[in-house]
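Student: coords please:
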Amino acid sequence: MKKYYEMYKEPILYVIFGALTTAVNYFSYIIFAHLAGLSVVFSNAAAWVLSVIFAFVTNKLLVFESKSLNAGSVIKELTSFVTCRLLSGLLDTGIMVLFIDVAHYNDLYVKLFSNVLVVIINYVLSKNFIFTRKEGAENG
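Tutor: Next comes the predicted model:
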């Protein structure tokens, strides 16, 4: 069992923290939209900001094990991370507006579907563009 965990540690941790990031996004949206009564776009944007902060910290330190804490490396990773998350956040908002405001689907089902799609896209971008490891060097 430990052998398989070591082989698939990164994707396993990404799925776990991706699910937690999705929970942060989903429940933040519920709080803003349903408890505070704010608009769909504002609620989705606020939920996105909170989930991106959570995702950067967990992805950097726990999933991709980027241990470099010097300012240059952190700023480079953070810039790339936020840029990729902006693109996936725009996709998320576009899906929400299209399927809720235009097509009138249930917002909670649409939000769940959109979050699953965004997690998959974010993994591919994080693995291939943000937290890349150089051969023979520490990550970062």
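Student: Which residue ranges of this structure form helices?
Tutor: 2-7, 9-30, 40-58, 71-96, 107-125 (DSSP state H).
Student: Tell me which of those lies nearest to F131.
Tutor: Each of these was scored for nearness to F131 using Cβ to Cβ, and the closest is helix 71-96 (6.7 Å). The way it works is simple: take the backbone N, C-alpha and C, and place the C-beta from them, glycine included.
Student: follow-up on the earlier one: going by mean pLDDT, which of the helices of the chain comes out lowest?
Tutor: For the helices of the chain, the stretch scoring lowest in mean pLDDT is helix 2-7; its value is a mean of 86.
Student: what would the helices of the chain look like in JSON lines with mean neighbour count and distance to F131?
Tutor: Formatted as JSON lines, the helices of the chain follow (neighbours: other Cβ atoms under 10 Å; distance: least, Cβ to Cβ, whole Å):
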{"stretch": "helix 2-7", "mean neighbour count": "8", "distance to F131": "18"}
{"stretch": "helix 9-30", "mean neighbour count": "17", "distance to F131": "10"}
{"stretch": "helix 40-58", "mean neighbour count": "19", "distance to F131": "10"}
{"stretch": "helix 71-96", "mean neighbour count": "16", "distance to F131": "7"}
{"stretch": "helix 107-125", "mean neighbour count": "17", "distance to F131": "10"}
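Student: and T93, what does it touch?
Tutor: Contacts for T93 were tallied using Cβ atoms under 8 Å, 6 or more residues apart in numbering; they are V41, N44, A45, W48.
Student: Apply 6 Å and report the result again.
Tutor: N44 (Cβ atoms under 6 Å, 6 or more residues apart in numbering).
Student: Next: F113.
Tutor: If you count contacts by Cβ under 6 Å, 6+ apart, then F113 has nothing around it.
Student: again, only this time at 10 Å
Tutor: The neighbours of F113, taking Cβ atoms under 10 Å, 6 or more residues apart in numbering as the test, are I95, F99, Y105.
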